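Novice: sharing a sequence plus its predicted fold:
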Amino acid sequence: MDFKTPYIWKNWEFILWDEALDHNLTHWLHYGTWVFEWIRFYPTSSWPKIFRLQEHIDRLFYSAWVLEMEVPYSKKELIKATIELIAKCWEWTGYIRPIIYYWTKKMWLYPKWATIETAISAWKWWKYLADKAIDVKISKYRRTDPQTADMNAKVSWWYYNSVLVSLEIHKEWFDEWLLLSTDGNIAEWPGENIFFIKENNVYTPSLWTILPWITRATIIQLFKDKFNINVIEEKISPDRLWEFDEAFFTWTAAEVTPIWSITYNWNKINYKSGEDLSLTKKIEAIYKNIVFWKDSEYFNWLS
Ligand SMILES: Cc1ncc(COP(=O)(O)O)c(C=O)c1O
């Protein structure tokens, strides 16, 4: 496995990658009762730096709280463990995956008999998506309805929806799929948020069916700080896809990804997001500068 790193942090200790095994009769495995984060670290002119670690750990604890997990660590301890893991693995660029899960061999649905286990893994990886603008299609699946669960939590079971979409993607020649919400508006990709631009107005779907994602909040703030643009958060019907000049996805793993086209009901709508002078390209460059620790105004976003 080429992304293998030497250690995994598990319940206070660093263990060897190959020793991170678990039993096949555990609560988390059967019922998806684990919460997680997907965090990115970057090579910089100094030590490798982790982007928005505090915010990811905050969301991890929120997700654990939703599942009523009593986490035996403080946020500070998990932040320290994450930074130590990166140093110990001697990696410069990649992803970090902290998980907290219910571990028990009792197969009751009720999870509170279980112990809480915590692990942090890191693996090397350059980029999730290729460095190019992408072609997208609207999926036949809808985003999980927020009335079925707390969508502010990043809990494993609802990635079932994302996995189904990823299976769909591999059957057709599109780079990504976009999901509508159960009320028929634009929601998000299985793991990314979407923004649209028309002239100098920027739009993104309002929080309802989507998690309050960290890159989304970062981009909203950057539009304000760098261009004095207030991003409009509202329900966006797919009938408006023709109105926009540009569109892009955001996500920790894939950063800012320009969209060339979206196919909806067999119509292909083209965007200018991949062009050099587009606002998308400008915000992408600003974001890259920040994550590589080159914009001193945002040094506090890196640990
Ligand atoms: C469903 C979904 N939407 C959006 C995102 C983007 O979130 P973030 O910007 O916090 O990485 C993710 C990433 O974890 C996701 O899983």
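Specialist: Nice, I can see it.
Novice: show me the contacts for the residue in the stretch 51-200 of the chain that the ligand sits nearest to.
Specialist: Using C-beta to the nearest ligand atom, the single residue of the stretch 51-200 of the chain nearest to the ligand is residue 191, 4.0 Å away. C-beta: built from backbone N, CA, C; applies to glycine. Residues in contact with residue 191 (C-beta atoms under 8 Å, 6 or more residues apart in numbering) are 38, 162, 251, 253, 254.
Novice: is it possible to get CSV of the residues you listed that adds distance to the ligand?
Specialist: Conversion of the contacts of residue 191 to CSV gives the following (distance: C-beta to the nearest ligand atom, whole Å):
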residue, distance to the ligand
38, 5
162, 6
251, 4
253, 7
254, 9
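Novice: pull the most distant pair out of these.
Specialist: 162 and 254 (13.6 Å; C-beta to C-beta).
Novice: and residue 35, what are its bridge partners?
Specialist: Partner residues in beta bridges with residue 35, using DSSP bridges, are residue 100, residue 155.
Novice: residue 20 versus that one, what's the distance?
Specialist: The span separating residue 35 from residue 20 equals 18 Å under the rule C-beta to C-beta, to the nearest Å.
Novice: neighbour count winner among these two?
Specialist: Neighbours per residue (other C-beta atoms under 10 Å) separate residue 35 from residue 20, with residue 35 holding more: 26 against 13.
Novice: does that one touch residue 99 like I think?
Specialist: Yes: using C-beta atoms under 8 Å, residue 35 is in contact with residue 99, at 7.0 Å.
Novice: and the gap between the closest residue to residue 290 other than its chain neighbours and residue 142?
Specialist: Distances taken as C-beta to C-beta, 6 or more residues apart in numbering put residue 298 closest to residue 290, at 4.6 Å, once the chain neighbours are dropped. With distances defined as C-beta to C-beta, the gap from residue 298 to residue 142 amounts to 36 Å.
Novice: more neighbours, these two?
Specialist: Taking neighbours as other C-beta under 10 Å, residue 298 and residue 142 compare with residue 298 leading, 20 against 15.
Novice: return the list of helices and strands in contact with the lowest-mean-pLDDT helix or strand in the chain.
Specialist: The helix or strand of the chain with the lowest confidence, counting by mean pLDDT, DSSP states H and E, is helix 159-169 at a mean of 87. For helix 159-169, the contact count by 3 or more C-beta pairs under 8 Å, 6 or more residues apart in numbering; DSSP states H and E identifies strand 134-142, strand 176-180 as packing neighbours.
Novice: return the most buried member of the ones you listed.
Specialist: Ranked by mean neighbour count under mean count of other C-beta atoms under 10 Å, these are led by strand 176-180, which reaches a mean of 23.
Novice: can you list contacts of it?
Specialist: Strand 176-180 has contacts (C-beta under 8 Å, 6+ apart) with 129, 134-139, 141-143, 161, 165-166, 168-169, 186-190, 192, 194, 238, 249, 262.
Novice: and the helix or strand just after that strand, what's buried?
Specialist: Moving toward the C-terminus from strand 176-180, the first helix or strand encountered (DSSP states H and E) is strand 186-188. Within strand 186-188, the residues that count as buried by 16 or more other C-beta atoms under 10 Å are 186, 187, 188.
Novice: so the second one sits against residue 141, correct?
Specialist: No: under the criterion of C-beta under 8 Å, residue 187 is not in contact with residue 141, lying 10.3 Å apart.
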